[in-house]
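**Q** The sequence and its predicted three-dimensional model are supplied below.
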Amino acid sequence: KRKIIEEILGKTRDPVQTILAATGEVSAVTRRNQLLTGLAVASDKILKANRKFKVGESGVERPLLYESEQQIWETARKMGDTIDANMYREIKLPSMSSGMVNPTSGKWALKEVAEAIELAAGKPINNITTNTLYRNLILFPKATAQMAKTILSPITHARNFLSAGAFAVANGILPGINITPATVAKSWRSLQVGAPGTRKFNEFYRELAELGVVNTNVRLGDLSALLKDVDFGSVVSADRGLRGLLKPLSKLKNWTQDAYTAEDDFWKIITFIGERARLEKAYLKVGYKLGKTKEAVRKALNEEAADIVRNNVPNYDYVSQMVKSLRKAPVGNFVSFPAEILRTSVNIVDRALTEINKTVIVGGKEFKPLAAIGYQRLAGMAFTTAAVPYGAVKMGQLIYDVSNEELAALKRFVAPWSKNSTIIPIKTEDGDFKYIDFSHANAYDTLTRPFQAALNEAAAGELNKEGIMNNFILGALKGFGDIASPFVT
């Protein structure tokens, strides 16, 4: 009987995985409840303070959460607001989660706030994407195909590593200047993947994780979320034959997933070290102090460098919920990645212009300590968006002896969504032409023209940040229209 039950329900032979999963869930619920408790306490303070005010008196504040519907009307009456009964609703959540009380359950809030809190608490969403038929016929095959083309594909691993390196270069982190053998060695030894020489600086990696620098791969985040949507592990475990077939591949999958994260982390760690080093050097050069103690200065430098990496390098934690939800659509893969390219590209230009214009006062004199970093960042972005694609095309022409006229003729026969792409020509032994759509591999390709315009304006001394950024964002949005063309007819 015991064997039959184990066969039907399954048996966990490694208790460590169960312990880690339970610990992770409790940790997530605890941190979430810390945030929600803070919101509830702050709202209670506001409600108590509002009691001393009468209708029409100034000083009444609107809290985020209410204990009852009556408090909503009372607060609105004192503030002279006109509200609609449909604007607010009760937050409907289980009072207990993983054995812990949810501090917002039963409280009242604006509909949008209530929905956001319920979503953060893991309340299931009921729509077509949660339908069993849709999940099994659309999402499950999509998740399997994405897994095969990402973490299980050696070519994709190579592209992931190269594209992650491009993000560092786009921020002006350049070999021989910011990237040194010591930097590379420290980054490699910090990685959390089974490989020679790794996992030596675990404390440093833990600090970077707390700063939000590492373990934030965008494509892997999309894939992991999609696998969770289809409950991939449970589906595989439920089928005895499938479980036996895939069991030997389980360790390989886990290692390749760790490797995919490590490829991204390697360059993010290098970028963090490079950013921190040049910030420290720039501030020391003009004698500007970020704190009164060495520890305060260290923390300030770490936070500023981490902020640059979080905002200038694609980060799954910063993808909006709306964009994340597009992973459940039947078409389009890894939608979060181009969204992050757009966000981080705008941030790179914005950060560069801020650094060029930032002034500090030291000893009564005005300095621009970060101006050189700003121009270096612009140069890095220019190299990534312009020089690399041009060099790749010319290299292809040189290797395969393709003239400019032949390249122009080839572009007339490419797919419609590749018309504006950077095309690297290839010629077979029979003289037939093929091509590589370099724009698919180069994340910043669609930003070449708008960035060149921003660079020209900055070089001409037109450092009106608002005007330059408006022009760049508009051009970037137009360029990203090409990304959707393979999926829109």
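**A** Sure, I can see it. Numbering: from 1, shown residues only.
**Q** What ranges does the stretch 251-400 of the chain have for its helices?
**A** Under the criterion DSSP state H, counting those that start in this stretch, helices of the stretch 251-400 of the chain are mapped to 294-312, 321-325, 336-357, 371-382, 388-400.
**Q** For the second one, buried residues please.
**A** When burial is assessed from 16 or more other CB atoms under 10 Å, helix 321-325 yields the following buried residues: Val323, Lys324. Where C-beta positions appear, they are placed from N, C-alpha and C, glycine not excepted.
**Q** how distant is it from the center of its chain?
**A** 12 Å (CA atoms, centre = their mean, to the nearest Å).
**Q** In this structure Ile72 contacts Leu65, no?
**A** No - using CB atoms under 8 Å, Ile72 makes no contact with Leu65, being 10.2 Å away.
**Q** Tell me which of these two has more neighbours.
**A** More crowded of Ile72 and Leu65, by other CB atoms under 10 Å: Leu65, with 24 against 21.
**Q** what's the closest non-adjacent residue to the more buried one?
**A** In space, and not counting its chain neighbours, Leu65 is closest to Ser43: 4.0 Å by CB to CB, 6 or more residues apart in numbering.
**Q** about what we covered before: can you check which residues contact both of Ile72 and Leu65?
**A** Taking CB atoms under 8 Å, 6 or more residues apart in numbering as the contact rule, the neighbours common to Ile72 and Leu65 are Trp108.
**Q** State the distance from the residue nearest to Leu65 to Glu67.
**A** 9 Å (CB to CB, to the nearest Å).
**Q** Point me to the helix or strand that includes the residue nearest to Leu65.
**A** Counting by DSSP states H and E, the element that carries Ser43 is helix 15-50.
**Q** elements contacting that helix?
**A** Helices and strands touching helix 15-50, by 3 or more CB pairs under 8 Å, 6 or more residues apart in numbering; DSSP states H and E, are helix 69-79, strand 100-101.
**Q** So which elements touch whichever helix or strand comes after the shortest one?
**A** This points to strand 100-101. Sequence-wise, the next helix or strand downstream of strand 100-101 (DSSP H and E) is strand 108-110. With contacts taken as 3+ CB pairs under 8 Å, 6+ apart, strand 108-110 sits against helix 69-79, strand 88-90.
**Q** Count the neighbours of Ala392 for me.
**A** 17.
**Q** Lys294 too?
**A** For Lys294, the count of nearby residues is 8 (other CB under 10 Å).
**Q** will you turn the helices of the stretch 251-400 of the chain into a markdown table that also has mean pLDDT and distance to Val286?
**A** Shown next, in a markdown table, are the helices of the stretch 251-400 of the chain (pLDDT from 0 to 100; distance: least, CB to CB, whole Å):
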| stretch | mean pLDDT | distance to Val286 |
| --- | --- | --- |
| helix 294-312 | 95 | 14 |
| helix 321-325 | 77 | 40 |
| helix 336-357 | 87 | 13 |
| helix 371-382 | 92 | 11 |
| helix 388-400 | 87 | 33 |
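**Q** Redo the ones you listed as CSV? Include distance to Asn160.
**A** Output for these, formatted as CSV (distance: least, CB to CB, whole Å):
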stretch, distance to Asn160
helix 294-312, 17
helix 321-325, 19
helix 336-357, 11
helix 371-382, 20
helix 388-400, 17
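**Q** Ok, which of those comes nearest Val29?
**A** Comparison of those against Val29 by CB to CB identifies helix 321-325 as nearest, at 19.1 Å.
**Q** Check which helices and strands the closest one is in contact with.
**A** By 3+ CB pairs under 8 Å, 6+ apart, helix 321-325 packs against helix 336-357.
**Q** Give me the helices and strands touching the helix it packs on, please.
**A** Helices and strands touching helix 336-357, by 3+ CB pairs under 8 Å, 6+ apart, are helix 154-170, helix 218-229, helix 294-312, helix 321-325, helix 371-382, helix 448-459, helix 465-479.
**Q** Off-centre distance for the longest one?
**A** On the basis of CA atoms, centre = their mean, the separation between the geometric centre of helix 294-312 and that of its chain is 18 Å.
**Q** tilt between it and helix 371-382?
**A** Between helix 294-312 and helix 371-382, the angle comes out at 30 degrees (axes from the mean of the first three to the mean of the last three CA atoms, to 10 degrees).
**Q** Could you do the first one as well?
**A** Angle, helix 154-170 to helix 371-382, by the same axes, to 10 degrees: 150 degrees.
**Q** which other helices and strands contact helix 154-170?
**A** Short answer (3+ CB pairs under 8 Å, 6+ apart): helix 154-170 packs on helix 240-286, helix 336-357, helix 371-382, helix 438-441.
**Q** The same query, at a cut-off of 10 Å, please.
**A** When contacts are defined as 3 or more CB pairs under 10 Å, 6 or more residues apart in numbering; DSSP states H and E, helix 154-170 packs onto helix 140-149, helix 218-229, helix 240-286, helix 294-312, helix 336-357, helix 371-382, helix 388-400, helix 438-441.
**Q** Buried ones in that helix, by neighbour count?
**A** Under 16+ other CB under 10 Å, the buried positions of helix 154-170 are Thr156, His157, Asn160, Phe161, Ser163, Ala164, Gly165, Ala166, Phe167, Ala168, Val169, Ala170.
**Q** circling back: need the helices and strands packed on strand 108-110 in TSV (columns: distance to Ala329 and mean pLDDT).
**A** Below are those laid out as TSV (distance: least, CB to CB, whole Å; pLDDT from 0 to 100):
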stretch	distance to Ala329	mean pLDDT
helix 69-79	37	90
strand 88-90	28	92
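**Q** what about those, which gets the closest to Thr359?
**A** helix 69-79 (41.3 Å).
**Q** neighbours around the closest residue in space to Leu326 that isn't next to it in sequence, how many?
**A** Using CB to CB, 6+ apart and skipping residues adjacent in sequence, the residue nearest Leu326 is Val335, 4.3 Å away. For Val335, the neighbour count with other CB under 10 Å is 21.
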